[in-house]
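**Q** sequence unavailable; structure follows:
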């Protein structure tokens, strides 16, 4: 069964075809989907003879550094005063705030466009192709490259496969669609070495990350009759382990994997004192509404927000909102 191509990508394709220079923008605290999709697009669009520059305000996570081209990202503040772009193309960015400091580059672009898969997307660009049913932006990027006539090289296939894998939990999340399985098969057939990529993504852990996980699991707290869990880490916890912010990415799901749990929150204090919230839920329960109440967003079962609150208070308020959501659904 061949994948069906249905997305309204024509305006984005036209914007790419007419652009003499393109800036690809990833979201803050980048994950595998935004990084992998952007790198795949860069390699594909270079085949069309377009100068492509990738931007992200935060570094590529160490676990993704093996991807071809991962060293090619620039910081937005390193753009020369006279530098301009015909097209600024956002990849997996749900709203302008998620661009971080890269939002400053919008004023340097003649036109703006985006591809994304978040239901909470604010359509902040001139041209917007947002498929809220796609489990990963990688599927939108894959279709875009195919329809532009780009060759899916082994390097492009690897970037797309990693993007798809990381946003679907290696094809096991509830959001995973038949299209995702078909696409992964095609990408492996195109040369993506998924056995090695899987080992790097999900099996290798630096010692500092294991130490951080141990601290996090000590804080697991059950609420609302065991239907909600909370996990929290302070700045001091990160410092004690010598851990990086990216080392916390694996932690949130440990709170959701406990039998009987419907929702979980993982709260971590950053170096600047703000608290990042990662929220998860088991379908049909949803946490996107909870995230929006704190100025964030995301997917129905996976969302996040950043708040200016003490760590304990942030957890208390989120858990209270989760209780309300569950009580309304019962």
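**A** Cool, got the structure. From a predicted model like this one, the values you see are computed outputs, not experimental measurements.
**Q** now the helices for the stretch 51-200 of the chain?
**A** For the stretch 51-200 of the chain, helices defined by DSSP state H, counting those that start in this stretch occupy the ranges 137-147, 154-168, 178-189, 194-198.
**Q** pLDDT of the longest one, averaged?
**A** It stands for helix 154-168. On average, the pLDDT along helix 154-168 is 97.
**Q** rewinding a little: and of the helices of the stretch 51-200 of the chain, who's closest to residue 68?
**A** helix 154-168 (4.5 Å; C-beta to C-beta). No exception for glycine: its C-beta is placed from N, CA and C like everyone else's.
**Q** that closest one to helix 178-189, inter-axis angle?
**A** 150 degrees (axes from the mean of the first three to the mean of the last three C-alpha atoms, to 10 degrees).
**Q** from the contact counts, what lies against helix 154-168?
**A** Secondary structure elements in contact with helix 154-168, counted by 3 or more C-beta pairs under 8 Å, 6 or more residues apart in numbering; DSSP states H and E, are helix 32-46, helix 137-147, helix 178-189, helix 194-198.
**Q** mean neighbour count, mean pLDDT and distance to residue 314 for those - can I get that in TSV?
**A** Converted to TSV, the helices and strands packed on helix 154-168 look like this (neighbours: other C-beta atoms under 10 Å; pLDDT from 0 to 100; distance: least, C-beta to C-beta, whole Å):
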stretch	mean neighbour count	mean pLDDT	distance to residue 314
helix 32-46	27	98	25
helix 137-147	25	98	28
helix 178-189	17	96	33
helix 194-198	14	92	34
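**Q** got the ones you listed as CSV, with distance to residue 77 columns?
**A** Converted to CSV, the helices and strands packed on helix 154-168 look like this (distance: least, C-beta to C-beta, whole Å):
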stretch, distance to residue 77
helix 32-46, 19
helix 137-147, 25
helix 178-189, 34
helix 194-198, 32
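**Q** for those helices, which one sits closest to residue 111?
**A** helix 32-46 (15.0 Å).
**Q** run the chain-centre distance for that closest one.
**A** From the chain centre to the centre of helix 32-46 is a distance of 13 Å (C-alpha atoms, centre = their mean, to the nearest Å).
**Q** go on, stretch 59-70?
**A** The answer for stretch 59-70 is 14 Å, by C-alpha atoms, centre = their mean.
**Q** how about it: buried residues?
**A** 60, 61, 63, 64, 67, 69, 70 (16 or more other C-beta atoms under 10 Å).
**Q** contacts only, for residue 296.
**A** The contact partners of residue 296, by C-beta atoms under 8 Å, 6 or more residues apart in numbering, come to 277, 303, 304, 305, 306.
**Q** so how far is stretch 263-278 from its chain's centroid?
**A** Using C-alpha atoms, centre = their mean, the offset of stretch 263-278 from its chain centre is 16 Å.
**Q** avg pLDDT for it?
**A** What stretch 263-278 shows for mean pLDDT is 95.
**Q** what does the lowest-mean-pLDDT helix or strand in the chain rub up against?
**A** Lowest mean confidence among the helices and strands of the chain (mean pLDDT, DSSP states H and E): strand 297-298, at a mean of 86. Strand 297-298 has contacts (C-beta under 8 Å, 6+ apart) with 94, 95, 118, 120, 279, 287, 288, 291, 303, 304, 305.
**Q** so after it, what's the next helix or strand?
**A** strand 302-307 (DSSP states H and E).
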